[in-house]
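# Any chance you can model this:
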Amino acid sequence: MYTVMVMTSVSVAAAAVLHRYTVVSVDWVTVAIIVAENTLGVDGASA
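Predicted coordinates:
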């Protein structure tokens, strides 16, 4: 579980950087959370 939390945190942090410096109107944080949930099988992380 600890590893999953770290991986998710890193993904969200990277997405936040992309979101800040991109001109594309895509919510990279939401995308990262969705990808993390789908990849890791995490349930309720976006609640």
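
# ok, Ala32 - contacts?
11-12, 14-15 (Cβ atoms under 8 Å, 6 or more residues apart in numbering). Yep, even glycine has a C-beta here, placed from its N, CA and C like the rest.

# Show me which of those residues are buried.
11-12, 15 (16 or more other Cβ atoms under 10 Å).

# which residues sit in contact with Met7?
If you count contacts by Cβ under 8 Å, 6+ apart, then Met7 has 36, 40 around it.

# Could I get the buried residue list for the longest helix belonging to the chain?
In the chain, assigned by DSSP state H, the helix with the most residues is helix 2-21. Residues 8, 11-12, 15, 19 are the ones in helix 2-21 that count as buried (16+ other Cβ under 10 Å).

# what's the angle between the following helix or strand past that helix and helix 2-21?
Downstream of helix 2-21, the next assigned helix or strand under DSSP states H and E is helix 28-40. In terms of direction (axes from the mean of the first three to the mean of the last three Cα atoms, to 10 degrees), helix 28-40 departs from helix 2-21 by 150 degrees.

# Run through this structure and note the low-pLDDT ranges.
The chain contains residues with pLDDT under 70 at 1, 19, 21-27, 41-47.

# Adding distance to Ile33, write the buried residues of helix 2-21 out as TSV.
TSV is the format used below for these (distance: Cβ to Cβ, whole Å):
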residue	distance to Ile33
Thr8	8
Ser11	8
Val12	7
Ala15	8
His19	12
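
# which one of the residues you listed is nearest Glu37?
Thr8 (8.8 Å; Cβ to Cβ).

# pretty sure that closest one contacts Ala36?
Yes. Counting by Cβ atoms under 8 Å, Ala36 is a contact partner of Thr8 at 4.8 Å.

# Which two among the contacts of Ala32 are spaced furthest apart?
For the contacts of Ala32, and using Cβ to Cβ, no pair is farther apart than Val12 and Ala14, which are 7.4 Å apart.

# now, the most widely separated pair of the buried residues of helix 2-21?
Thr8 and His19 (15.8 Å).
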